[in-house]
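Chemist: no letters, just coordinates:
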């Protein structure tokens, strides 16, 4: 292994500095897996020499290589910083291969950080560049990485197709390290499909290949996965042996993420042993060591796995208060890891990629029929709607259902503790109410989208409805120490569906309460004035809801009334939002001949939502 002193000597004694820098960059690229700490040191020296010599190609490669070493060490912020500069340099040099490699590495980092939509975007861009270059090893790598995103989406069969394509490409190149990595991925899919024999075969083949290439980090990963299969098969001694070997290697190469993952696996092994009292201290020690590591590298998937194991451990020890505490943390982290908005972006990214591929194929066959194009556009809109609705149902309903199941189990386990039963029962009611409201919003938005909403328009006293909505929402405001007051002109009439209109008012006022801090004021006004947006003779009725909350950014204003939109503001007391309320409100108001909009001076400056209706 080259030392810093040897590197200095080679750089000082060379007659061809650029070629020497290129050779050293190749050496560090190979070193990144087994000794990333040393790789960082050498990359720093190569970076300095490249900058001093004005050799941009060498500088870009040194930064990329150092980013890869940082990634191996779970130093993600440093890695992304180097990748950003390397990407700019490769772009300036018109080095398509270099750009693709930085995108691929960025995608890996975003995957480990739980930023799956960003990861998918990076992988797809990298793949297009590699395909342009016909660079087989790059295509194999990014194809495998896209397979990992498919696993995250729960599309195991699709993931298996990606991995098998990648494996064939690596085998055509006789790339043992690439084969080993993909075999681990294939083994994980088989394990998730409850096929441990096939999974173990893949993991063992991967382990052999990593040993042949002397890849210590890869060997550590394969050992951990072999241990997981033995744990599934209840062969605890074999699982323990493989975990311990993996842990030692992870620590040797400085892989913090891998170390935390093995510690969690060890804790879970003892949890499943059936002797919780005997192993409690050991399980807790492993989790106590894993959590700060996972938090320090911001690995959300590991953080929620730690809290899930904590919750299981304390439940088995009949410490229901601690179990509930960690279960809530587990759900919170999991929800932030794969929020509805992130899942929607990820799905839409895949849909966009599929559409782009279809368009390329259509161009090849010269299918330019306008009627077919219109049909494709309509199909895309329907497909987007279906994807969004399925994503919403699969994700947002899963969390409250999981909470109901957990609290029901806790009630069963603590039936003699009246206080706990009451608390858990209330939690079940809250989760059920949240799920009911989600389903209600989902059905309403679908009906609106398909044009199946029926309206019962009649002349209605708007003033009375506004007063009623304020009164209904007053207890919520009081519970948050907010002042909810109104200025309502009497006997203002409009031709509306009173039930739908009341839903809109409740949504606007409850949103103001939800996103406004405690102690602040919310004003609801109802008055008659000259029209502002509506083109009609006579006056208009204006209803406004003003708050002193978090305000709206320019980006918020652009997507304010969109379907499934989550804005930058966050509920101030942990309330939940479906992202459908404003979308439904806008459709309802427009179908009643009115206009709805919002105004805000910016973040933390409050917001005002307006409704304008033709007055009778």
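Modeler: Structure received. Not measured: the values here are computed from a predicted model.
Chemist: when you work out contacts or count neighbours from here on, use the C-alpha atoms and nothing else.
Modeler: Fine.
Chemist: residue 298: what secondary structure?
Modeler: Each residue gets one of three states, and residue 298 gets coil by DSSP: H, G, I helix; E, B strand; the rest coil.
Chemist: pull the number of nearby residues for the residue lying closest to it once chain neighbours are set aside.
Modeler: In space, not counting the residues next to it along the chain, residue 298 is nearest to residue 113; the distance is 6.5 Å by C-alpha to C-alpha, 6 or more residues apart in numbering. A total of 19 residues lie near residue 113 under the criterion other C-alpha atoms under 10 Å.
Chemist: and residue 134, by the same measure?
Modeler: 12.
Chemist: any idea how far the residue nearest to residue 298 is from residue 163?
Modeler: As defined by C-alpha to C-alpha, to the nearest Å, residue 113 lies at a distance of 22 Å from residue 163.
Chemist: what does residue 262 give?
Modeler: 24 Å.
Chemist: and the residue nearest to residue 298, what pLDDT?
Modeler: Per-residue confidence for residue 113 comes out at a pLDDT of 82.
Chemist: ok, it - contacts?
Modeler: Counting by C-alpha atoms under 8 Å, 6 or more residues apart in numbering, residue 113 makes contact with 298, 299, 300, 301.
Chemist: mind checking pLDDT for the last one?
Modeler: The per-residue pLDDT reported for residue 301 equals 85.
Chemist: assumed it was part of a helix.
Modeler: Yes. Counting by three-state DSSP, residue 301 is located in a helix.
Chemist: just confirm it contacts residue 331, I think it does.
Modeler: No. The criterion here is C-alpha atoms under 8 Å, and residue 301 misses it with residue 331 at 11.5 Å.
Chemist: ok now stretch 553-572, how far from the chain's centre?
Modeler: Using C-alpha atoms, centre = their mean, to the nearest Å, the mean C-alpha position of stretch 553-572 is found 17 Å from that of the whole chain.
Chemist: make that stretch 176-186, sorry
Modeler: Centroid displacement of stretch 176-186 relative to its chain, using C-alpha atoms, centre = their mean, is 25 Å.
Chemist: ditto for stretch 159-174
Modeler: Relative to its chain's centre, stretch 159-174 lies at 27 Å (C-alpha atoms, centre = their mean).
Chemist: what residue ranges in the stretch 351-500 of the chain score low on pLDDT?
Modeler: Applying pLDDT under 70 to the stretch 351-500 of the chain flags the ranges 351-407, 409-416, 421, 424, 427, 429-453.
Chemist: one more time with 80
Modeler: By pLDDT under 80, the low-scoring segments of the stretch 351-500 of the chain are 351-454.
Chemist: and what of the chain?
Modeler: Of all residues in the chain, those with pLDDT under 80 make up the ranges 1-15, 17, 27-35, 114, 153-154, 274, 333-454, 537, 563-569, 573-580.
Chemist: tell me where it has strands.
Modeler: Listed in chain order, the strands of the chain (DSSP state E) span 458-461, 483-488, 493-496, 521-529, 540-547, 595-599, 607-614.
Chemist: packing partners of the third one?
Modeler: Other helices and strands packing on strand 493-496, by 3 or more C-alpha pairs under 8 Å, 6 or more residues apart in numbering; DSSP states H and E, are strand 458-461, helix 462-479, strand 607-614.
Chemist: how about the nearest residue to residue 543, chain neighbours excluded?
Modeler: Sequence neighbours aside, residue 526 is the residue nearest to residue 543 in space, at 4.5 Å (criterion: C-alpha to C-alpha, 6+ apart).
Chemist: for the one you found, what are its contacts?
Modeler: For residue 526, the contacting residues are 463, 466, 487, 488, 489, 541, 542, 543, 544, taking C-alpha under 8 Å, 6+ apart as the criterion.
Chemist: quick one: it and residue 258, what's the gap?
Modeler: Where residue 258 is concerned, residue 526 sits at a distance of 60 Å (C-alpha to C-alpha).
Chemist: cool, and residue 164?
Modeler: To residue 258, residue 164 is 25 Å away according to C-alpha to C-alpha.
Chemist: any idea how the protein splits into domains?
Modeler: Taking automatic domain parsing as the criterion, the chain consists of the domains 340-449, 458-569+577-614.
Chemist: tell me if I'm right that residue 505 and residue 469 touch.
Modeler: Yes. Counting by C-alpha under 8 Å, residue 469 is a contact partner of residue 505 at 6.5 Å.
Chemist: looking at those two, which one has more neighbours?
Modeler: In terms of neighbours (other C-alpha under 10 Å), residue 505 is the more surrounded of residue 505 and residue 469; the figures are 23 against 20.
Chemist: can you pull the contacts of that one?
Modeler: 466, 469.
Chemist: measure residue 479 to residue 514 for me?
Modeler: When C-alpha to C-alpha is applied, the distance between residue 479 and residue 514 equals 11 Å.
Chemist: excluding chain neighbours, what is closest to residue 181?
Modeler: For residue 181, the nearest residue in space outside its immediate sequence neighbours is residue 206; the separation is 6.9 Å by C-alpha to C-alpha, 6+ apart.
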